[in-house]
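Enquirer: Pasted the sequence and its predicted model underneath.
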Amino acid sequence: MNIMVCLKQTFDTEEKIIIEQDQIKEDGVKFIINPYDEYALEEAIRLKEQYGGVVTAISIGPSRVESALRTALAMGADKAILIDDERLFGDEFTTSKVLAAVLKQHDFDLILGGYMSVDNGAAQGGARLAEELDLPHIYAALKVEVNGSHVEVQRDVEGDIEVIEAKLPLLITAQQGLNDPRYPSLPGIMKAKKKPIQYVTAEELSIDLTQIQAKTNIKDITLPPERQAGRILQGELDDQVNELVQCLKNEVNTIG
């Protein structure tokens, strides 16, 4: 089974966000594999261990993303692809076009990825990529079982479980709860240093750069306002209710 895992490098979820001149400052920041993509990677490795095959991790980004791919290789991925050409960076529209162009150059049975990234939360990547590749897509999987060319996926639907059956090839996005990702072992880390990473640029893809420009434009980036201390209302119950209504209307603006 040939499994492709699409992953993104994101800020560590415990990092403090600092904005300077409308840009998020990256100096000294710790980067990690997007947690939802890590579930996808772990699932791919488990499927390989169960059925055999090859796991390839693929990502788009600058040279620093190589560290995320090396982590994927240390966890058990066999190969890695880094699309490190700034002309191919962009939003979910651009990313899906670029990933599709790369994936069309490879044979695969299954594509896995996180259902969203923790840095922007758009949750568009999987669906857009599946559309570009004309593949069926199952969103936010909590359990994946493969039986030959058939796949059964369980996903949460408002507190209940939905079971979906599909045939390979297929694209599945992972939700928290699918598995518990492993930590890279020391032997895995040492082996990862020797595993191949393929670097891809625009010239190697059959893609028109004018047709993949981002559809969104970030005009401004600001931090949310600091959280104010709570207020304890005093007095009789009717007075508290009146004060609460006025607060919601004039300060919180939740009443029209």
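Expert: Yes, it's here. Numbers count the residues shown, from 1 in each chain.

Enquirer: residue ranges of the strands in the chain, please?
Expert: Using DSSP state E, the strands of the chain run over residues 2-6, 9-11, 19-20, 23-24, 31-33, 54-60, 79-83, 110-114, 137-147, 150-157, 160-167, 170-174, 197-200.

Enquirer: So which residue is dead centre in the protein?
Expert: With distances taken as Cα atoms, centre = their mean, residue 117 lies nearest the centre of the chain, 3.6 Å away.

Enquirer: Against residue 61, how distant is that residue?
Expert: Shown here: residue 117 relative to residue 61, a distance of 12 Å by Cβ to Cβ, to the nearest Å. Glycine gets a C-beta too; all of them are placed from N, C-alpha and C.

Enquirer: ok, now residue 172?
Expert: Relative to residue 61, residue 172 is positioned 22 Å away (criterion: Cβ to Cβ).

Enquirer: When the two are compared, which one has more neighbours?
Expert: The neighbour comparison of residue 172 against residue 61 (other Cβ atoms under 10 Å) goes to residue 172, with 28 against 20.

Enquirer: quick one: contacts for that one?
Expert: 40, 110, 111, 112, 113, 126, 137, 138, 141, 144, 151, 153 (Cβ atoms under 8 Å, 6 or more residues apart in numbering).

Enquirer: what's the helix of greatest length in the chain packed up against?
Expert: Scanning the chain for the longest helix, with DSSP state H as the assignment, gives helix 35-51. Secondary-structure packing of helix 35-51 (3 or more Cβ pairs under 8 Å, 6 or more residues apart in numbering; DSSP states H and E): strand 2-6, strand 54-60, helix 66-75, strand 110-114, strand 137-147, strand 170-174.

Enquirer: any chance of the ones you listed in a markdown table, with distance to residue 99 too?
Expert: Shown next, in a markdown table, are those (distance: least, Cβ to Cβ, whole Å):
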| stretch | distance to residue 99 |
| --- | --- |
| strand 2-6 | 6 |
| strand 54-60 | 7 |
| helix 66-75 | 14 |
| strand 110-114 | 9 |
| strand 137-147 | 13 |
| strand 170-174 | 11 |
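
Enquirer: Quick one, which of the ones you listed gets closest to residue 22.
Expert: Closest to residue 22 of the helices and strands packed on helix 35-51 is strand 54-60 (Cβ to Cβ; 22.6 Å).

Enquirer: Other residues contacting that closest one?
Expert: For strand 54-60, contacts defined as Cβ under 8 Å, 6+ apart pick out 1-9, 41, 44-45, 48, 65, 68-69, 72-73, 76-84, 88-89, 95, 98-99, 102-103, 106, 108.

Enquirer: Now find how far off-centre the longest helix of the chain is within its chain.
Expert: Distance of helix 35-51 from the chain centroid (Cα atoms, centre = their mean, to the nearest Å) equals 14 Å.
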